[in-house]
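Colleague: sequence? don't have it. structure:
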């Protein structure tokens, strides 16, 4: 049997970086190949080469045994290669049909769009692969899981038989992930071949027929999923033994650090995103807030940190009201915030590391005397923190934008953890980071808890929530479905809550 | 990819000088390319490039032969008249560059905060009128008091003119581009009225009276050399702006708001306050450009007084990458080009407009640096491009 796709000795150099070093991978016909590697390992570069976005410096691409040259995405599509990007490329205000036909619009009589023909084809594809998508629905009304199906339909519509899925599970609930895996199975049965890019170990073990691990731009090895374990894979990915379980002692909660009562918040578009929620965080405990992205977690955190005004309700920090205080007032009372969008809120990418490390305290001693900045203090602070928090950088003067995601996050952690704090709000603290950085950041968060800080961890990754939390709150449509003891929680139960189903209610029926 | 960078211990690294070279590379190549294309235009129009650019050089720097001859005369006979004549073009270029420096700084400060101050022209006018008013209406004051007062008048006038759009933006979210343009028109029409009415000197022409000698920026040479203290004042302000932007907490806030307003808000900075502050400073600097021109060069204000300094300032700030040193260099370039162009027109018969073409080309190349990178096959640095302004609304 021929191989659907083979990459042989692909090498790609960027100025100063060898992104892909003699990478060879093989995708068998009708199989799922999982490409596993940390962020920055070179997976995305490799796929961009395959999709014609980059040109390799060396190496060959073979489709069904025939060498092909892929200069641009059109060549890739012509060779039957389709890509489902991590960030969906959809126009929210258009229908499914319009999105699918975008770029390859068929016409009637030469001028009129033939939407009906496309819709028919979408229904066919939808039926054939069990995708269940309504062609006339608007993208903005569809849940993320369905939007992803639209992306898959787009690729199938263009008659791809080799599908590349880049981190497809990053935005899905556990149930949606199950659904995706079912779709992948159907696709395979109908003769498609799939490359599945991920850094999540368990998914790989569930779904893949072959696993290839990449580290530092090189293939570390291939492994049969039957023989693989999460520990083995992690070690291959990181290059050393990794502790996948977060070590932590039982929490010793003390007095309340934060008390939220009947909080309601409107988002930037004036939609009521947080609808009357109440909870408490004690010193020395971690409250995990789980939920599919976009269920009000972001707005909750913004309200707690003063970035969005409070519509109604109360927030008390150590017994004092802080609702509608300015971000600076809240910051000065000892609230540290690791924002979910580190590049938008957490850092100024065009500023050097040393400036980012004093971004919230630049006006205070020792960084300023009066209005004059004290460079000596700023530099020595940066040197210290870079050392202490193991930020990998040539020096403290380079712009923070040149660092990898993991190191950017470490800069934020270093800045926020190094000042005296009462409450830590960490939003998606490890999103998009490699296993090594995740391990490190989790340790730091636990350490803060053990020092007696109240901690809120907001994450859409259930594994992270389960690993860190002492108590877990699940948000759905701006409300808290339930708050439970982490010891009693499990993935399935939380998954149902995340989907807005209260298990106790369904069991009543 | 940098996750793959091996662990390097933070070292006492010095800021590399090659970074400065990189920053200057594109602007310098842009100027060179502009001159080359200008040369092509000259050839096409049937004139001699050597003659044209020779005249441009003599017009902006002076003739080196004349200069050495004049030095000889000075040592031989003690007669400095020839020397004065020889250095006249050079000093005139510096005189032309002076308002350019102030106005370029004005727009650059705005850019640093993500604000697009198109109103430098109007602020220039208001500053000039205020300085002129202080200059001619107060009498009998010693220079040590009168001159600073006149400068302060210009800075305040321009500052208020800039602060109004800043306040409108902060309070009502009105876009500063629209409002600064509107403020320009108000300034133009206001000056027409003032020059024809309240501020009109006796006589027929719509001009202000001459300012008192005690309000003049002192000149270093006798007539016709107009080279004056204003030039050094401009350099001093360039340094002050640099210090303010890069060495103070206020400047740090301004740059933070400009580079990433979301992060600035996250860090507890008051964005709205910074908008007003920056527009006031920007307006003040544009006002000082007007003051320097009135107090140092013209000594009175007439209609059409500005000659577009405020608009050229936008180009200067772009060319200088919104850095005070860059702005000074860009202003000198414009000063020398503008000043030399007059000579080129009279000596070589090349219309002065060729300089506008060259300036325009330089600005296009700066605004679209990929053209230059492509022309000279410079590998694009992955460094982020400076975002000068944000789009409309949020």
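Modeller: Everything's here; your move. Everything numeric here is computed off the predicted structure, so don't read it as measured data.

Colleague: Could you pull up phi and psi at residue A:80?
Modeller: Per-residue torsions, residue A:80: phi 80, psi 20 (degrees, to the nearest 10).

Colleague: Could you tell me which residues make contact with it?
Modeller: Applying C-beta atoms under 8 Å, 6 or more residues apart in numbering or on different chains to residue A:80 gives the contacts A:63, A:159-162. Just so you know, the C-beta spots here come from the backbone N, C-alpha and C atoms, and that holds for glycine as well.

Colleague: And the residues you listed, which two are furthest apart?
Modeller: A:63 and A:159 (13.7 Å; C-beta to C-beta).

Colleague: Same drill for the two, tell me which one is more crowded.
Modeller: Using other C-beta atoms under 10 Å in any protein chain shown, the more surrounded residue of residue A:63 and residue A:159 is residue A:63, with 21 against 10.

Colleague: Now do that one against residue B:111, distance only.
Modeller: 50 Å (C-beta to C-beta, to the nearest Å).

Colleague: Near chain B, which residues of the stretch 401-509 of chain A are found?
Modeller: Proximity of the stretch 401-509 of chain A to chain B, by C-beta under 8 Å from any C-beta of the partner chain, involves residues A:401-407, A:434.

Colleague: redo that, cut-off 10 Å
Modeller: Contacts of the stretch 401-509 of chain A with chain B, taken as C-beta under 10 Å from any C-beta of the partner chain, map to A:401-408, A:415, A:433-434, A:436-437.

Colleague: Can you flag which of these belong to helices?
Modeller: Among these, the ones falling in helices (DSSP state H) are A:405-408, A:415, A:436-437.

Colleague: Taking the residues you listed together, which two end up most distant?
Modeller: A:415 and A:436 (20.3 Å).

Colleague: which of the two has more neighbours?
Modeller: residue A:415 (24 against 18).

Colleague: Could you check chain A and say which of its helices or strands has the lowest average pLDDT?
Modeller: Least confident helix or strand, chain A: helix A:503-508 with a mean of 57, by mean pLDDT, DSSP states H and E.

Colleague: Tell me which residues of stretch B:303-317 come out buried.
Modeller: Buried residues in stretch B:303-317, defined by neighbour count with 16 or more other C-beta atoms under 10 Å in any protein chain shown: B:305-306, B:309-317.

Colleague: Of these, which belong to helices?
Modeller: Short answer: the buried residues of stretch B:303-317 in helices (DSSP H) are B:309-317.

Colleague: Could you provide those in JSON lines, with additional columns for pLDDT and distance to chain A?
Modeller: Shown next, in JSON lines, are these (pLDDT from 0 to 100; distance: C-beta to the nearest C-beta, whole Å):
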{"residue": "B:309", "pLDDT": "88", "distance to chain A": "29"}
{"residue": "B:310", "pLDDT": "87", "distance to chain A": "27"}
{"residue": "B:311", "pLDDT": "87", "distance to chain A": "27"}
{"residue": "B:312", "pLDDT": "89", "distance to chain A": "27"}
{"residue": "B:313", "pLDDT": "92", "distance to chain A": "23"}
{"residue": "B:314", "pLDDT": "91", "distance to chain A": "21"}
{"residue": "B:315", "pLDDT": "88", "distance to chain A": "22"}
{"residue": "B:316", "pLDDT": "91", "distance to chain A": "21"}
{"residue": "B:317", "pLDDT": "92", "distance to chain A": "17"}
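
Colleague: Tell me which two of the buried residues of stretch B:303-317 sit farthest apart.
Modeller: Among those, B:305 and B:317 lie farthest apart (C-beta to C-beta), at 21.5 Å.

Colleague: in which helix or strand would I find whichever residue of the stretch 251-400 of chain A sits closest to chain B?
Modeller: Distance from chain B to each residue of the stretch 251-400 of chain A (C-beta to the nearest C-beta) is smallest for residue A:328, at 2.9 Å. Using DSSP states H and E, the element containing residue A:328 is helix A:327-332.

Colleague: One more: residue A:232?
Modeller: Using DSSP H and E, residue A:232 sits within helix A:230-238.

Colleague: How about that helix and chain B, touching?
Modeller: No. Figure legend: helix A:230-238 not in contact with chain B (C-beta under 10 Å from any C-beta); closest approach 10.9 Å.

Colleague: contacts for that helix?
Modeller: Outside helix A:230-238, the residues that touch it by C-beta atoms under 10 Å, 6 or more residues apart in numbering or on different chains are A:34, A:36-38, A:41, A:199-202, A:204-205, A:211-215, A:220-223, A:225, A:228-229, A:240-245, A:434-437, A:439.

Colleague: Now the buried members of the residues you listed.
Modeller: Using 16+ other C-beta under 10 Å, the buried members of these are A:34, A:36-38, A:41, A:199-201, A:204-205, A:211-215, A:220, A:223, A:225, A:228, A:242, A:434-437, A:439.

Colleague: residues touching the nearest residue to residue B:54 once chain neighbours are set aside, list them.
Modeller: Nearest residue to residue B:54, sequence neighbours excluded (C-beta to C-beta, 6 or more residues apart in numbering or on different chains): residue B:348, at 7.5 Å. Contact analysis of residue B:348 by C-beta under 10 Å, 6+ apart lists B:42, B:47-56, B:58-59, B:354.

Colleague: By neighbours, which of those wins?
Modeller: Highest neighbour count within the contacts of residue B:348: residue B:56, with 27 neighbours (other C-beta under 10 Å).

Colleague: what helix or strand does that residue sit in?
Modeller: Following DSSP H and E, one finds residue B:56 within helix B:49-61.

Colleague: how far out from the middle of the chain is that helix?
Modeller: 23 Å (C-alpha atoms, centre = their mean, to the nearest Å).

Colleague: re the thing from before, out of the residues of the stretch 401-509 of chain A next to chain B, which comes closest to chain B?
Modeller: When these are ranked by distance to chain B (C-beta to the nearest C-beta), residue A:404 comes first, at 3.9 Å.

Colleague: In terms of pLDDT, where does that closest one sit?
Modeller: Note for residue A:404: predicted pLDDT of 78.

Colleague: Would you mind measuring from the residue sitting furthest away from the middle of chain A to chain B?
Modeller: Taking C-alpha atoms, centre = their mean, the residue of chain A most remote from its mean C-alpha position is residue A:109, at 45.1 Å. Per C-beta to the nearest C-beta, to the nearest Å, residue A:109 is found 39 Å from chain B.

Colleague: Would you mind checking which of the contacts of residue A:80 is nearest to chain B?
Modeller: Minimum distance to chain B across the contacts of residue A:80 is 25.4 Å, recorded for residue A:162 (C-beta to the nearest C-beta).

Colleague: what's that closest one in contact with, if anything?
Modeller: Counting by C-beta under 10 Å, 6+ apart, residue A:162 has contacts A:4-5, A:27, A:29, A:50, A:63-64, A:76, A:79-83, A:155, A:192-195.

Colleague: do the same with residue A:173
Modeller: With contact set as C-beta under 10 Å, 6+ apart, residue A:173 has these partners: A:143-145, A:179, A:290-293, A:460, A:462, A:494-499.

Colleague: just residue A:253 next, same as before
Modeller: Taking C-beta under 10 Å, 6+ apart, one finds A:280-287, A:449, A:452, A:454, A:470-471 in contact with residue A:253.

Colleague: Most neighbours out of these, which is it?
Modeller: residue A:454 leads the contacts of residue A:253 on contacts (other C-beta under 10 Å) with 29 neighbours.

Colleague: beta partners for it?
Modeller: Beta-bridge partners for residue A:454, by DSSP bridges, are residue A:423.

Colleague: show me what contacts it?
Modeller: A:253-258, A:280-287, A:317-318, A:334-335, A:421-425, A:448.

Colleague: 8 Å - rerun?
Modeller: Going by C-beta under 8 Å, 6+ apart, residue A:454 touches A:256-258, A:281-285, A:287, A:422-424.

Colleague: Measure how buried residue B:81 is and give me the count.
Modeller: 12.

Colleague: There's contact between the residue of the stretch 251-400 of chain A closest to chain B and residue B:268 in this structure, I believe.
Modeller: Yes. Counting by C-beta atoms under 8 Å, residue A:328 touches residue B:268, with 2.9 Å between them.
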